[in-house]
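> I'd like to go over a predicted model; first the sequence, then the structure.
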Amino acid sequence: MNQNIPAKNAQRRIVIIGVGNILLRDEGVGVHVAQELQKRAWPSDIQVLDGGLAGIGLLDFFAEASKVLLIDAADMNRSPGTLVRFTPEEVRSRAGDLRFSSHDVGLMEVLDLAKALGHGPADIVILGIQPKEISWGMDLTPEVQAAVSKAVDAVLAEVPLASSRAVC
């Protein structure tokens with residue numbers, strides 16, 4: 001393919017990022033969701049990333065993105081495994097009620113910095129999953145493990161694609 005010809009969807013670049021610490025059980029749920037999503041084939045304008053503990057390093061992923069979906073553990077005082085869709089504005093309005101994973105720099109600070117630097121995409125969606133246990137270990141609790149498939153479905157609803165299919 002000729003690199004000089006703009007792609008059909010040149011205006012659209014979607015980045016899906018799962019964040020968290022997989023060494024702290026449910027704190028790593030975002031990474032587990034990203035790993036499940038990476039088993040699918042995606043068009044070239046959609047990128048699925050394991051953001052791990054990137055913190056401020058997430059800014060690099062926002063450049064030129066028209067939409068960013070972030071998946072992270074969020075303490076929402078709900079039942080373990082509960083999945084909630086947020087916009088950054090909703091997170092700000094509920095600042096006392098929500099706490100996303102504790103990384104070097106908080107998720108909202110990264111989003112605010114991206115916006116201030118002009119790297120913030122117009123469309124940002126945050127999928128928060130209520131953790132049950134944040135302790136040493138790499139396995140998710142059963143309740144949070146069950147939420148992984150729900151989060152995958154939620155991402156697919158945000159980015160409907162007939163061409164995203166499981167890789168065999």
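Everything's here; your move.

> quick check: residue 49 touching residue 61?
Yes. Between residue 49 and residue 61 a contact is recorded at 6.0 Å, counting by C-beta atoms under 8 Å. Glycine gets a C-beta too; all of them are placed from N, C-alpha and C.

> name the residue in the two with the higher neighbour count.
Neighbours around residue 49 and residue 61, counted as other C-beta atoms under 10 Å, are more numerous at residue 61. The numbers are 21 against 18.

> residues contacting the more buried one?
15, 17, 47, 49, 51, 54, 68 (C-beta atoms under 8 Å, 6 or more residues apart in numbering).

> which one of the residues you listed is nearest to residue 31?
Ranking those by separation from residue 31, with C-beta to C-beta as the measure, puts residue 51 on top at 7.5 Å.

> next secondary structure element downstream of the helix or strand hosting the closest one?
Assigned by DSSP states H and E, residue 51 falls within strand 46-52. Past strand 46-52, heading to the C-terminal end, the next element that is a helix or strand (DSSP H and E) is helix 59-62.

> what residues sit buried inside the strand holding residue 51?
If you call a residue buried by 16 or more other C-beta atoms under 10 Å, then strand 46-52 has these buried ones: 46, 48, 49, 50, 51, 52.

> quick check: neighbours shared by residue 49 and residue 61?
With C-beta under 8 Å, 6+ apart applied, the overlap between the contact sets of residue 49 and residue 61 consists of 15, 17.

> state the pair within the contacts of residue 61 that is farthest apart.
Farthest apart among the contacts of residue 61 by C-beta to C-beta are 47 and 54. That separation is 13.8 Å.
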